[in-house]
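Asker: Dropping the sequence and predicted coords here.
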Amino acid sequence: MGFPGTWMTESESVVYRVVPKCACSSIGQIMFFSDHGRFFDGDIHDATGGMHKWSIEASQKAIEANVKAHKSYAFTCVRNPYARILSSFFDKIAGIQRNGKRYRGNLVPQLVQKYGIEVGSPEDNFDFDQITSFRRFLLFARDTIRWRRPMEPDIHWSAMSGHISTFICNGGQYDKIFFTEKFNEGMQQVLDHIETPVPVDLAKIPKFNESEGHGPKRAHKVSEYFDDLSRHLVWEIYKKDFQLFRYDFDDPDNKMPVGEIDLDEVHAKLGA
């Protein structure tokens, strides 16, 4: 199995387990900058050099040796499950991707046909019923996760605990898991624990949001997208995420965590 979704700086100063929709573009660019003193020109997910990634075959031995010996500080980042699944919908389903096409080719037409989802288009200024379409998308997301139909679950809406657990189950150990909602504070704590070839001043680092500007803007507050059925589905899909990462299930509008993450508990429950 190895360490899918794991990135490491070339200097091996730090190891990061990517969790999609949780500031991964910003984190990747900070890691790249900390080695090279410049940002990667383009989306960091497209970088095939200047950084070790598990998806690059030549990087796998170095990552595996480092992680199994816990040679470097290892971390990841989490986000409120309500906000994360909404972001996945607006970016991947309703939005147009960087290449000017819809995400995963025929996925959106399939959703329109099978689940009655509408997503609008740039031509009509993305004019569609966001709440109805999002709730139908949530049914689809649940079906992919629960029954792997009509397709395997996508990394952007599968549970954070699933991503995070592969690292632990295959022999990795986290030193830090921080919140997207407290990004600067959490990222600074990571930087304080590592030595980088190039010093990083977080105050001068821009935010890298690769999904911004490609689709419709969210028109309502978070809670308006989640009726009783939607919240039931969210609990079914993300129960572990709420519990382990201390997010507020009862109030979808409260994006902030309600407690601190217990790393020992995360390792015990996700490593089993």
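Answerer: Everything's here; your move.
Asker: K221 and L86, how far apart?
Answerer: Between K221 and L86 the distance is 11 Å, computed by C-beta to C-beta, to the nearest Å. Backbone N, C-alpha and C define where each C-beta goes, glycine included.
Asker: Show me which of these two is the more surrounded one.
Answerer: With neighbours defined as other C-beta atoms under 10 Å, K221 and L86 compare such that L86 has more, 22 against 9.
Asker: would you say that one is within a helix?
Answerer: Yes: L86: assigned to a helix according to DSSP: H, G, I helix; E, B strand; the rest coil.
Asker: Just the pLDDT at it, thanks.
Answerer: Looking at L86, its pLDDT stands at 96.
Asker: And for the one 3 residues further on?
Answerer: Reported pLDDT at F89 in the predicted model: 95.
Asker: quick one: it is in a helix?
Answerer: Yes: counting by three-state DSSP, one finds F89 located in a helix.
Asker: show me the contacts for it.
Answerer: By C-beta atoms under 8 Å, 6 or more residues apart in numbering, the contact list for F89 reads S133, F134, F137, L138.
Asker: The last one reaches S230, doesn't it?
Answerer: Yes: with contact taken as C-beta atoms under 8 Å, L138 and S230 are classed as touching, separated by 5.5 Å.
Asker: More neighbours: the two, which one.
Answerer: L138 (24 against 19).
Asker: Name the SS class of the more buried one, please.
Answerer: At L138 the chain is in helix, as set by three-state DSSP.
Asker: List the contacts of it.
Answerer: I85, F89, S230, L233, V234.
Asker: Tell me how many other residues surround the fourth one.
Answerer: Counted with other C-beta under 10 Å, the neighbours of L233 add up to 20.
Asker: For it, give me the pLDDT.
Answerer: 97.
Asker: What does it show for phi and psi?
Answerer: Backbone torsions of L233, given as degrees, to the nearest 10, read phi -70, psi -40.
Asker: so it touches R136, yeah?
Answerer: No: applying C-beta under 8 Å, one finds L233 not in contact with R136, separated by 11.0 Å.
Asker: ok, and what's touching the host helix or strand of A83?
Answerer: Using DSSP states H and E, A83 maps to helix 81-88. For helix 81-88, contacts defined as C-beta under 8 Å, 6+ apart pick out 20-22, 79, 134, 138, 141, 154, 156-157, 159-160, 211, 218, 222, 225-226, 234, 237-238, 241-242, 247, 252, 255.
Asker: buried ones in the lowest-mean-pLDDT helix or strand in the chain?
Answerer: Least confident helix or strand, the chain: helix 107-115 with a mean of 93, by mean pLDDT, DSSP states H and E. By 16 or more other C-beta atoms under 10 Å, the buried positions in helix 107-115 come out as L107, V108, L111, Y115.
Asker: Distance of the nearest residue to the third one once chain neighbours are set aside relative to F137?
Answerer: The shortest distance from L111 to any non-neighbouring residue, by C-beta to C-beta, 6 or more residues apart in numbering, is to I117 (4.4 Å). I117 sits 6 Å away from F137, going by C-beta to C-beta.
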